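Asker: compute the structure for the input listed below.
(2 chains)
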Amino acid sequence: MGKLKNIFATRWGIIGVGGFIGVCAALLQKLGNPGNMGVCVACFERDIAGAIGLHQAGVVQYMRPEIIGFVLGSLLAAYIFKEFRARAGSAPIARFVLGVFAMIGALVFLGCPWRAMLRLAAGDGNAIFGLLGLIGGIWIGTLFLKGGYNLGSVQKTYTSVGWLFPLTMLGFLILMLIFPQIKGEAKNGILFYSVKGPGAMHAFLPISLAAGLAIGFLAQRSRFCTMGAFRDLILFRQAHLLSGVIALVVSAFIANLLLQQFHPGFVKQPVAHTMQIWNFGGMVLAGLAFALAGGCPGRQLFLAGEGDGDAAVFVMGMIVGAGFAHNFGLASSPNGVGPHGIAAVIIGLLVCLFIGFTMRKRVG
Amino acid sequence: MSIIVDAKGLSCPQPVLMTLNKIKEIKKGEIIVKVDTDTSKENVSRAAQSQGWEVADIQENKEGYQLTIRK
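Answerer: Below is the predicted model:
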């Protein structure tokens, strides 16, 4: 498999993967996922937090099979290509906290970097401010990286450590099969299901899962990362990962045009608000947190699938962060930012600066 | 004797940053970079090539990979 092994890590490989994700996202929206949210890692993890009752926002509760597929698809690829390496121990609590604030920032904007791209590709002009914020946050992160910031070395560990997060995801899938959604019911057994709102909008479970598995598999091979795309451009003037992200936007744009999902404008965009300062500010926070943690939310899932216990802790931070975001009124809604969203962004930025300034050592 | 950059246990972008810093420092010669993930191996190779360096050899061992880059 030597030759095959590197196909997806080439320039055309990553462009192909980005293009595939863009088309998949547009199709998933057509097949039932929420508007401009064919795939959104932050939103879908927030929905999972709701499904297991970590928050009680009734409109965003659903065990998203795409997320489960991302992790299990990556696990599968890592095993097939002998890249599964159980590792952990690089400042897990810092990664957890970064995950919490990454989610809070993303929910102030209403989307992760993936959704920011998809919103743009569907004509949502508000996404421009979110993307500018994302790039700004990543730029601040690169300043810390240049100054010696890093969370320290990982340790090799028991293979079973690397399995814990994929097994958790498998457990979530099994729960979903034991307690499936009942039409019109807000709960089945221990799982919550939205009966209205974005949480009630989803593609058929096997389709969502299959799309998630395929994306997870390909993204593990190609190392697709929306944060790394801008970080590498700023830090190294390398456009490798960025070419995948551009391919995602272009393919989603074309697919949206064909599927009549392209609606240019700023007002009344699906699951979006027009408070541009906080579209920008929320994503500065998210971008900085992703940069300090070494990967966008999708990449963290793929890393968790290939045995990275620290990435798994970051994802757990994001899921718990969604609980905070909705329980404390930090998340935005189409009406604008939540009652405490602005305070949360400011606190989050201060926490990220604290982490960035204090966790550095000279390397090399 | 070659200069060694030991980036084992570090995740990206650290291995690339360390390699590029060393490349800037010595301008030309030979550097051995030690990494422990496939992603780091690919990223370091790509970064070295973008600076006009040649990836002369990649050896896999128990701990990961040892890349020899040269200019």
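Asker: what kind of secondary structure is residue 32 in?
Answerer: I went with chain A, as the question did not name one. coil (DSSP: H, G, I helix; E, B strand; the rest coil).
Asker: my bad, chain B
Answerer: At B:Ile32 the chain is in strand, as set by three-state DSSP.
Asker: in chain A, what residue comes closest to chain B?
Answerer: For chain A, the residue closest to chain B is A:Ser153, as judged by CB to the nearest CB, at 3.3 Å. To be clear about C-beta, it is placed using only N, CA and C from the backbone, and glycine gets the same treatment.
Asker: shouldn't that residue be in contact with A:Ala88?
Answerer: No: using CB atoms under 8 Å, A:Ser153 makes no contact with A:Ala88, being 10.9 Å away.
Asker: and those two? Which one has more around it.
Answerer: Applying other CB atoms under 10 Å in any protein chain shown to A:Ser153 and A:Ala88 shows that A:Ala88 carries more neighbours, namely 20 against 16.
Asker: look up how far A:Ile190 lies from that one.
Answerer: Computed with CB to CB, to the nearest Å, the distance linking A:Ala88 and A:Ile190 is 29 Å.
Asker: same thing with A:Gly148?
Answerer: Applying CB to CB to A:Gly148 and A:Ile190 gives a distance of 46 Å.
Asker: and if you look at A:Phe217?
Answerer: Taking CB to CB as the measure, A:Phe217 falls 30 Å from A:Ile190.
Asker: low-confidence ranges, the chain, go.
Answerer: Unless you meant another one, I'm taking chain A. Filtered on pLDDT under 70, chain A yields the residue ranges A:1-6, A:362-364.
Asker: ah, no, chain B please
Answerer: Using pLDDT under 70 as the threshold, the predicted model of chain B has low-confidence ranges B:1.
Asker: would you list every one of the strands in it?
Answerer: Along chain B, the segments classed as strands by DSSP state E run B:3-6, B:30-35, B:54-61, B:64-70.
Asker: the longest one near chain A at all?
Answerer: No: in this structure, strand B:54-61 remains apart from chain A according to CB under 8 Å from any CB of the partner chain; the gap is never smaller than 10.2 Å.
Asker: now for A:Leu98, how many residues are close by?
Answerer: Other residues lying near A:Leu98 total 29 when counted by other CB under 10 Å.
Asker: next: A:Gly189.
Answerer: A total of 10 residues lie near A:Gly189 under the criterion other CB under 10 Å.
Asker: wait, what's in contact with it?
Answerer: By CB atoms under 8 Å, 6 or more residues apart in numbering or on different chains, the residues touching A:Gly189 are A:175, A:178-179.
Asker: again, only using 6 Å
Answerer: Residues near A:Gly189 by CB atoms under 6 Å, 6 or more residues apart in numbering or on different chains: A:Phe179.
Asker: okay, now residue 30: neighbour count?
Answerer: By default, I'm working from chain A. A:Lys30: 16 surrounding residues under other CB under 10 Å.
Asker: my bad, chain B
Answerer: 15.
Asker: same deal with A:Ile182?
Answerer: Counted by other CB under 10 Å, the residues lying close to A:Ile182 total 12.
Asker: specify the local secondary structure of it.
Answerer: Put simply, A:Ile182 is coil when judged by three-state DSSP.
Asker: need the nearest residue in space to it, chain neighbours excluded.
Answerer: In space, not counting the residues next to it along the chain, A:Ile182 is nearest to A:Asn188; the distance is 5.2 Å by CB to CB, 6 or more residues apart in numbering or on different chains.
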